[in-house]
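Chemist: Build the 3D model from these lines:
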Amino acid sequence: MSDTETKPGADTESKKLPAVASPELAAPDPTSPPDPAMAVMRPRRRRIMPFLITLLAIVVAVPLGWTMWNVYMVAPWTRDATVRAYVITKAAEVAGRIVELPVVANQYVRKGALLMVIDPINYQIAVSQNEAAVQQAQASVQNIDAQITVQQAQIAVNQAQLDQAQMDLKRYQTLQRQTSIAAQQAEDQAYTAKTAQANLNLAQQQLEALKAQKLSAEATLAQAKTQLHQAQVNLERTRIVSPVDGYVTNLLTQVGDYANVGTNIISLVDSDSFWVDGYFEETNLAPIHVGDPAEIKLMGYNQVVRGHVDSITRAIDVSNAQPDNQGVATVNPIYTWVRLAQRIPVRVHIDTVPDGVQLAAGMTATVQIDSR
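Modeler: Reported below is the predicted structural model:
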């Protein structure tokens, strides 16, 4: 038998052998009946899942809604808030060229620190001139005082002469009646007494004139002292110093510029005067009270600045109250059904500033007011 020949029935036997497959890989028989337990569980899961999702949504929404209620209704807040500060503008009180400028823009300076110097030469000369004028006026007063002293002595002499002449006149008049002395001698003595009286009157008038001159000289002296004081003040004003602790801002002045009287030449931001103005809607003002703690969130920082309500503004601009050319209030005739709530400034005092936070007037902030 050749190799190509096969035994009868061998192919038939191979076809009768079943294929061996893994139970995991065996496909389910679509003709097999469904499992009753699985058929019951699937509808139950479909009914429970919407309930669970709804319950989860309620659990999340209730605390979130309560939080939002507290934020928007219980604790008033506004995103319309601005950091503010007092800005001191220093204007030249005397005119002159700026010869010293020891500060630069945005520099922090202490109270009393030198900011700039205006050329003091002319003002030093004025002080010297007025000092000389004061000395001259003082000399005039002293001279008149000496004249008054001399005149008072002259009055005393004239008074003594008058007294003596009157005594002699009385004596001659008595002798004339008793011993018949010549009338000519009595007349001469009377003339002497009149002369002494006239001299005394003249000396007294001269004394009054000297006193008037003294008053005038004292007034001149007072005026000279006042002018000297003004010159000294002007000399001091050539040195412009900082009135507060603060920061030099927007410095545009340079050495050599000419400073005119009344012209602003340097500005300072008072570092101790920062506050926040929160513009709250009038519908949110009721729960806000002076002293309530406040949280301030600056736009450029993550730290929270702490403060408290300092005051609430009592007036804002009302366009309908503007008078016309006759003084009558101008009222806008247009009325809209949707009325926007006015915003009232609430001043918040800053209590603590976290490290790393630099305040600048004009910064945007969010303010939340908490109840005490």
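
Chemist: Give me the neighbour count for the residue nearest to residue 303 when sequence neighbours are not counted.
Modeler: Nearest non-adjacent residue to residue 303, counting by C-beta to C-beta, 6 or more residues apart in numbering: residue 354, 3.9 Å away. Bear in mind the C-beta positions are built from the backbone N, C-alpha and C, glycine included. Using other C-beta atoms under 10 Å, residue 354 is surrounded by 12 other residues.

Chemist: thought residue 319 was touching residue 334?
Modeler: No: judged on C-beta atoms under 8 Å, residue 319 makes no contact with residue 334 at a distance of 11.4 Å.

Chemist: For these two, work out which one has more neighbours and name it.
Modeler: Using other C-beta under 10 Å as the criterion, residue 319 and residue 334 rank with residue 319 on top: 8 against 5.

Chemist: show me what contacts the more buried one?
Modeler: Contact partners of residue 319, counting by C-beta atoms under 8 Å, 6 or more residues apart in numbering, are residue 332.

Chemist: ditto for residue 66
Modeler: Applying C-beta under 8 Å, 6+ apart, one finds that residue 66 lies in contact with no residue.

Chemist: Residue 310 too?
Modeler: By C-beta under 8 Å, 6+ apart, the residues touching residue 310 are 275, 290, 347, 348, 349.

Chemist: cool, residue 220 as well?
Modeler: Residues near residue 220 by C-beta under 8 Å, 6+ apart: 137, 140.

Chemist: Wasn't it part of a helix?
Modeler: Yes: according to DSSP: H, G, I helix; E, B strand; the rest coil, residue 220 belongs to a helix.

Chemist: Give me the distance between it and residue 141.
Modeler: According to C-beta to C-beta, to the nearest Å, residue 220 and residue 141 sit 8 Å apart.

Chemist: which residues in the stretch 1-150 of the chain form strands?
Modeler: For the stretch 1-150 of the chain, the strands defined by DSSP state E, counting those that start in this stretch cover 77-84, 87-91, 96-100, 108-109, 114-118.

Chemist: can you tell which of those strands is closest to residue 130?
Modeler: Ranking the strands of the stretch 1-150 of the chain by distance to residue 130, with C-beta to C-beta as the measure, places strand 96-100 first at 17.9 Å.

Chemist: what's the spacing between the closest one and its chain's center?
Modeler: Here strand 96-100 is found 27 Å from its chain centre; the criterion is C-alpha atoms, centre = their mean, to the nearest Å.

Chemist: repeat for stretch 143-160
Modeler: For stretch 143-160 - counting by C-alpha atoms, centre = their mean - the centre lies 63 Å from the chain centre.
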